[in-house]
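Engineer: quick one, structure for this:
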Amino acid sequence: MKWMSFYRASLAVVMAATAVPTWAHHAFAAEFDADKPIDLTGTVTRIKWVNPHSWLYFDVADTAGKVTNWGVEFGAPNQLARIGLTKADVAPGTKVHIKGYLAKNGGAFGYSVTVTLPDGRTFQTGGAQDAPTARTAAAQ
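Structural biologist: Residues are numbered from 1 along each chain as shown. Next comes the predicted model:
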C-alpha cells in the first residue's frame, strides 16, 4: 500500500506543477480596457524586466505641468528580446512614446501595445493573445 501513497503524492505534485502556469497568467480583458486607449510620452524612471510580464515606469507631464509616474505592462523578456528590444533601449532617462490601453483600476497604469524610442524605432511590446493589435491602438 506504500506504493499507492507514493503514487497519489506524485500525482498531486504533477497536477500542481502543471496548474501553476494558468494561475500566473491573466488575459488582457481581465485588467485593461480596450475602449480606453492611451497615448503618452514621458521619461523612463524604472524598468522591471521580469517574467511573466515586464513593466516600464515613466514620468508624464500633463498640460499644466503636473508629473504623474505611469506604469505600463510589456511582454515577457524573451518575447521582447526576439523583437530586438533590450533593457538598455529603455534605460532610466530615455524618452518614450507609449500607445496602449488604460488599466481598469483607474490608476496611472496601462498595457503597452507599442513603444517608440527617440531614434524612431517602434516595437510592439504587448504579448497578451486577447489584446487589441498595434494597428488598432495606432488608429485611435
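Engineer: adjacent strands (with direction) for the lengthiest strand in the chain?
Structural biologist: Assignment by DSSP state E gives strand 32-48 as the longest strand of the chain. If you go by DSSP bridges, strand 32-48 pairs up with strand 55-61 (antiparallel), strand 95-103 (antiparallel).
Engineer: now do it: everything it contacts.
Structural biologist: 28, 54-61, 69-70, 73, 87, 90-104, 110-111, 131-132, 137, 140 (CB atoms under 8 Å, 6 or more residues apart in numbering). C-beta coordinates here come from the backbone N, C-alpha and C atoms, glycine included.
Engineer: off-centre distance for it?
Structural biologist: 10 Å (CA atoms, centre = their mean, to the nearest Å).
Engineer: cool, and stretch 102-111?
Structural biologist: Relative to its chain's centre, stretch 102-111 lies at 12 Å (CA atoms, centre = their mean).
Engineer: what distance separates the start and the end of it?
Structural biologist: End-to-end distance for stretch 102-111: 6 Å, by CA to CA, to the nearest Å.
Engineer: buried set for it?
Structural biologist: 102-103, 108-111 (16 or more other CB atoms under 10 Å).
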